[in-house]
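> requesting a structural model of the entry that follows:
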Amino acid sequence: MANVYGIEYSVKNSKGEIIDSNKGQAPLEFIAGKGQIIPGLEKEVEKMEVGEEKTVKVPASEAYGEYNPEMIQELPRDQFQGIELQKGMTLYGQTPDGQTIAVTVKDFDDNKVIIDYNHPLAGEDLTFEVKLVSKREATPEEALTGQVGGGHCEGGNCGCGH
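Have a look, this model is predicted:
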């Protein structure tokens with residue numbers, strides 16, 4: 001049976017800047033083995049005991065992957081009509097199979113827009129300060145759906161990390 005873990009964390013990028021944290025907020029809950037958090041962190045959390053705190057260094061290959069220059073694409077500017085473009089902004093679109101995808105605007109001019117399909121943290125080694133605050137067995141419904149709490153969000157916190 002799968003376990004549900006609740007963690008409190010902060011994460012730093014390779015420059016040592018804190019880029020995300022849920023300290024002082026509700027714990028991030030995830031079901032092990034469902035790909036809900038990056039593999040390098042999940043692997044370490046599964047070894048921890050409730051109440052334990054540790055520093056976990058996660059290489060890019062076990063986080064958001066290595067940066068892939070082939071995931072840069074140049075598109076005609078007219079595909080972006082009505083959008084006030086800015087370098088570094090994130091745009092959301094859909095893949096042909098209906099999945100939501102985020103892209104970053106790398107550059108643009110009057111004729112073309114250069115977008116990057118890499119995750120913004122691709123190529124980054126990450127360092128987590130993590131505390132395991134809870135661990136329990138997933139309910140059959142959670143194991144089946146992959147959603148903690150049977151798919152409802154209590155108080156607006158889905159524990160999905162987004």
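
> residue contacts, the closest residue to G33 other than its chain neighbours?
Once flanking residues are discounted, G33 sits nearest to A2: 5.6 Å by C-beta to C-beta, 6 or more residues apart in numbering. The way it works is simple: take the backbone N, C-alpha and C, and place the C-beta from them, glycine included. Neighbouring residues of A2 by C-beta atoms under 8 Å, 6 or more residues apart in numbering: I31, A32, G33, K34, E137, A138, E142, A143.

> can I assume the first one is in contact with A138?
The reference is to I31. Yes - I31 is in contact with A138 according to C-beta atoms under 8 Å; the separation is 5.3 Å.

> please identify every residue contacting each of those two.
In contact with both I31 and A138: A2, N3, V4, V148, using C-beta under 8 Å, 6+ apart.

> quickly list what the second one is bridged to.
When you say that, I think you mean N3. Applying DSSP bridges to N3 gives these bridge partners: E137.

> what's around it, how many residues?
When counting by other C-beta atoms under 10 Å, one arrives at 16 neighbours for N3.

> what of K23?
Neighbours of K23 using other C-beta under 10 Å come to 11.

> next one: the one 3 residues further on
Taking other C-beta under 10 Å as the neighbour definition, A26 ends up with a count of 15.

> what's the answer for G146, then?
By other C-beta under 10 Å, 15 other residues sit near G146.

> can you pull the contacts of it?
For G146, the contact set (C-beta under 8 Å, 6+ apart) comprises I31, K34, Q36.

> which residues of this protein score low on pLDDT?
150-162 (pLDDT under 70).

> tell me the domain ranges of the protein?
Here the domain parsing of the chain from automatic domain parsing is 3-64+123-151, 69-116.

> deepest of these, which one?
Scoring the domains of the chain by mean neighbour count under mean count of other C-beta atoms under 10 Å gives domain 3-64+123-151 as the most buried, with a mean of 16.

> distance from that one to the middle of the chain?
Chain-centre distance of domain 3-64+123-151: 10 Å, with C-alpha atoms, centre = their mean, to the nearest Å.

> all helices for the protein, in order.
With helices called from DSSP state H, the chain shows them at 39-45, 140-145.

> in CSV: the ones you listed, plus distance to P120.
Putting the helices of the chain into CSV (distance: least, C-beta to C-beta, whole Å) gives the following:
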stretch, distance to P120
helix 39-45, 17
helix 140-145, 28
